[in-house]
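Participant: Quick one, what's the 3D model for this:
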Amino acid sequence: MIVYVDENDENKRLDSFLTEITPDLSRSKIQNLIKSGSIKINNTIKKPSYILKENDKIDFEIPEKNNLAIISQNIELDTVYEDENMLVINKPSGMLTHPTSQERENTLVNALLYKYGENLSDINGEFRRGILHRLDRNTSGLLMVAKNNKTHEFLAGQIKNHTVTKKYRAIVKGVINEDDFEINAPIGRNPNQPHKMMVKEDGKPAKTIVKVIERFKDASYIELTLITGRTHQIRVHMKYINHPVYNDTLYGAGQGKVKTDEQVLQSYFLRFTKPFGSEIIELQIEPDDKIKKVLKYLRS
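Facilitator: Down below sits the predicted model:
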């Protein structure tokens, strides 16, 4: 199996990352496989503590006795766009994009496997079949899915070259006075809390364009355009300017008066080039239930 590291997994230890994508193998087993040379990074042998870089190629084979398939589940999909090579799903809030070592069911991948079976790209491994990019569990909205590896590479190239336009809606705490502006602040992993990201000088470049849609007494409804796509980018950038996303308890917003399942954030717009042609596809969806619920309260 060959897996390429994307920007969401860079800066992770090699053994930790492989534990995530092959949860039927213990970390100690993975460490032994690395040390024995059974796992190679860019055709060379590395230590288990090797820190991954974007576009690293990991080449390995999962021992047959541990190669447990991910189950398919008949979970309804909200398909916004589909052609012979790809589809775009409106992922609901509360759903994981792909299985993890802790949760192997009720994810988007489980649902995709039921409907498409083997007709999904496997560049990122069995646990991430078809997955090009991710949304946090409690972020809803548009996600591209590749049906084959050639399409995966085509679309991943667009993402890497920043020719895919991604826009989000969010409600954030506090009144933002500027109508529109850019946040340009590098993002890296928090050394004290590895599950979190933070603005840091040695992080990777990160840019977000912010436009205010509507202001309230102590909140703002905004549109965000991602120029880069770092892990938790919007949530980290909004915390950085002291306007955390409403109900984002991980990044300091706390629970607002309107209860929701964490951050009020939606990926609502995608613009990309259709695979193997020049046709431009633009997709847009309506505000989700969380945004409608909080807006109704704020407007009242």
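Participant: Where does the record place the domain boundaries for this structure?
Facilitator: By the assignment in automatic domain parsing, the chain contains the domains 2-66, 69-161, 164-269+291-300.
Participant: And residue 216, how close does it get to residue 172?
Facilitator: From residue 216 over to residue 172 the distance is 10 Å, taken as CB to CB, to the nearest Å. Heads up, the C-betas are built off the backbone N, CA and C, glycines and all.
Participant: which one of these two has more residues nearby?
Facilitator: Neighbour tally, residue 216 and residue 172, criterion other CB atoms under 10 Å: the higher count belongs to residue 172, 28 against 15.
Participant: Grab the nearest non-local neighbour of the spatially most central residue of the chain.
Facilitator: Here the mean C-alpha position of the chain is nearest to the C-alpha of residue 134 (CA atoms, centre = their mean), at a distance of 2.3 Å. Spatial nearest neighbour of residue 134, chain neighbours left out: residue 97 (4.4 Å); criterion: CB to CB, 6 or more residues apart in numbering.
Participant: Next: residue 144.
Facilitator: In space, residue 144 is closest to residue 132, 5.0 Å off (CB to CB, 6+ apart).
Participant: Isn't that neighbour up against residue 155?
Facilitator: Yes: using CB atoms under 8 Å, residue 132 makes contact with residue 155 at a distance of 5.4 Å.
Participant: Find residues that contact each of the two.
Facilitator: Listed contacts common to residue 132 and residue 155 are 144, 146; contacts here mean CB atoms under 8 Å, 6 or more residues apart in numbering.
Participant: So, low pLDDT: which residues of the protein?
Facilitator: Low-confidence segments of the chain, defined by pLDDT under 70: 23-24, 62-69.
Participant: Just confirm the residue nearest to residue 134 contacts residue 129, I think it does.
Facilitator: No: applying CB under 8 Å as the test, residue 97 and residue 129 come out as separate, 11.2 Å apart.
Participant: got any residues that touch both of those two?
Facilitator: residue 109.
Participant: Between these two, tell me which one has more neighbours.
Facilitator: Remark: of residue 97 and residue 129, residue 129 carries more neighbours, 27 against 20, as counted by other CB under 10 Å.
Participant: What's the local residue count around residue 291?
Facilitator: If you count neighbours by other CB under 10 Å, residue 291 ends up with 21.
Participant: Helix, strand or coil: sort out it for me.
Facilitator: In three-state terms, and counting by DSSP: H, G, I helix; E, B strand; the rest coil, residue 291 is helix.
Participant: OK, contacts around it?
Facilitator: Taking CB under 8 Å, 6+ apart as the definition of contact, the neighbours of residue 291 are 169, 171, 221, 264, 266.
Participant: Give me the distance between the fourth one and residue 135.
Facilitator: For residue 264, the distance to residue 135 (CB to CB) stands at 14 Å.
Participant: Neighbour count for these two, which is higher?
Facilitator: Comparing residue 264 with residue 135 by other CB under 10 Å, the one with more neighbours is residue 264, at 30 against 21.
Participant: Surely that one touches residue 290?
Facilitator: Yes: under the criterion of CB under 8 Å, residue 264 is in contact with residue 290, at a separation of 5.0 Å.
Participant: show me the contacts for the residue nearest to residue 134.
Facilitator: When the contact criterion is CB under 8 Å, 6+ apart, the partners of residue 97 are 91, 107-109, 131, 134-135, 137, 143.
Participant: Kindly provide the distance from the residue nearest to the centre of the chain to residue 300.
Facilitator: The spacing between residue 134 and residue 300, counted by CB to CB, is 34 Å.
Participant: Sweet, I'm off.
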